[in-house]
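1. Only the shape, not the letters, is given here:
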C-alpha cells in the first residue's frame, strides 16, 4: 500500500507544479498586457457590445462584477459578466478577455455542439464533484468495491466535462481573435490577445490533467489495498 501512495504522489505532484507554472505564466501575461492600452482605446464593455451588435445578438446584456479575472458568461440569464478592470479597462488584456467571454455568447447563439453537450451534463458534474471526496473518504474506511467503483464513475464524469471544456474554451478564444482582427486592431493588439487567451486556455488543460492524475492515483491506491 505504501508503494501505491508513493506512486500516487509521483503522478499528482508534477501536475500540480505544472498547474502552478501555467497559472504564474497567465498572471505575468495578464499583468503585462493590462498595462498596455489597445490601439483603439476601447474598453472591455465597448468591444463586447460591438461584437454582439455585429453578430445581431440583442438579448445578451453586459454587467460589471467584482473580483480578479472573475469574467464569465451566464448562459441561463444571458449575461456577460466582466470584472471591473476588464469592463472599464482599455488595455489589450481587457479587450481580449471581454472578446473571449462574448465568444461564449456567440457559441450559444450558433448552437455550438460542444457547449450544448457540456451544459447538458453540468448538473450531473456538479453532483459528482459534491459527493466525490465523501466517497474517497468512505473508501478509506471501507473495502466495499461498490464505493470505489462509484467514485471512479464520478471521476470520469468530471473528466468528461473538462474534456468538453477544452474545445469550448479554444473555440471562444478563436472567435475572440477573429473578431478583433476584423475590427482592424494592429499586430501588437492581436499578439497580446493571443498570448493572454492561450495562457488562460492552458489552465483548463492543467485542470484536466490533474483530474486524470487524481483518478489514476485513486485507482492505484484502491488496487493496492485490495492486493494486500
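-> Yes, it's here. Everything quoted here is computed from the prediction, not taken from an experiment. Residues are numbered from 1 along each chain as shown.
2. in the helix-or-strand element of the chain with minimal mean pLDDT, what counts as buried?
-> For the chain, the helix or strand with the lowest mean confidence is helix 2-33, at a mean of 83 (criterion: mean pLDDT, DSSP states H and E). Within helix 2-33, the residues that count as buried by 16 or more other C-beta atoms under 10 Å are 4, 8, 11-12, 15, 18-19, 22, 25-26, 29-30, 33. Using the backbone N, CA and C atoms, a C-beta is placed for each residue, glycine as well.
3. Could you do stretch 161-171 as well?
-> Neighbour-count burial for stretch 161-171, counted by 16+ other C-beta under 10 Å, picks out 161-162, 164-165, 168-171.
4. among the residues you listed, which are in helices?
-> 161-162, 164-165, 168-171 (DSSP state H).
5. who's in contact with the residue nearest to residue 16 when sequence neighbours are not counted?
-> Closest residue to residue 16 apart from its sequence neighbours, by C-beta to C-beta, 6 or more residues apart in numbering: residue 210 at 6.6 Å. By C-beta atoms under 8 Å, 6 or more residues apart in numbering, residue 210 lies in contact with 12, 15-16, 19.
6. swap in residue 103?
-> 171-176, 179.
7. For this structure, just list every one of the strands.
-> 61-65, 72-74, 79-83 (DSSP state E).
8. Any idea how far the second one is from the middle of the chain?
-> On the basis of C-alpha atoms, centre = their mean, to the nearest Å, the separation between the geometric centre of strand 72-74 and that of its chain is 12 Å.
9. Stretch 188-208: which residues count as buried?
-> By neighbour count on 16+ other C-beta under 10 Å, the buried set for stretch 188-208 is 189-190, 192-197, 199-202, 204-208.
10. Which one, of the strands of the chain, ends up nearest to residue 156?
-> Minimum separation from residue 156 across the strands of the chain (C-beta to C-beta) falls at strand 72-74, 25.2 Å.
11. Using neighbour counts, pick out the buried residues of that closest one.
-> Buried, per 16+ other C-beta under 10 Å, within strand 72-74: residue 73.
12. ok, now stretch 112-123?
-> 112, 114-115, 118.
13. and the angle from the helix ranked longest in the chain to helix 2-33?
-> As assigned by DSSP H, the longest helix anywhere in the chain is helix 187-227. Calculated by axes from the mean of the first three to the mean of the last three C-alpha atoms, to 10 degrees, helix 187-227 forms an angle of 170 degrees with helix 2-33.
14. Any figure for the gap between the spatially most central residue of the chain and residue 80?
-> Nearest to the geometric centre of the chain sits residue 204, at 4.6 Å (C-alpha atoms, centre = their mean). Residue 204 is 19 Å from residue 80, where distance means C-beta to C-beta, to the nearest Å.
15. And for residue 15?
-> Remark: distance between residue 15 and residue 80 (C-beta to C-beta) = 32 Å.
16. Check residue 146 too.
-> Taking C-beta to C-beta, one finds residue 146 at 43 Å from residue 80.
17. Next: residue 194.
-> Using C-beta to C-beta, residue 194 is found at 21 Å from residue 80.
18. Over to residue 190?
-> Remark: distance between residue 190 and residue 80 (C-beta to C-beta) = 21 Å.
19. Over to residue 140?
-> Distance from residue 140 to residue 80, by C-beta to C-beta: 43 Å.
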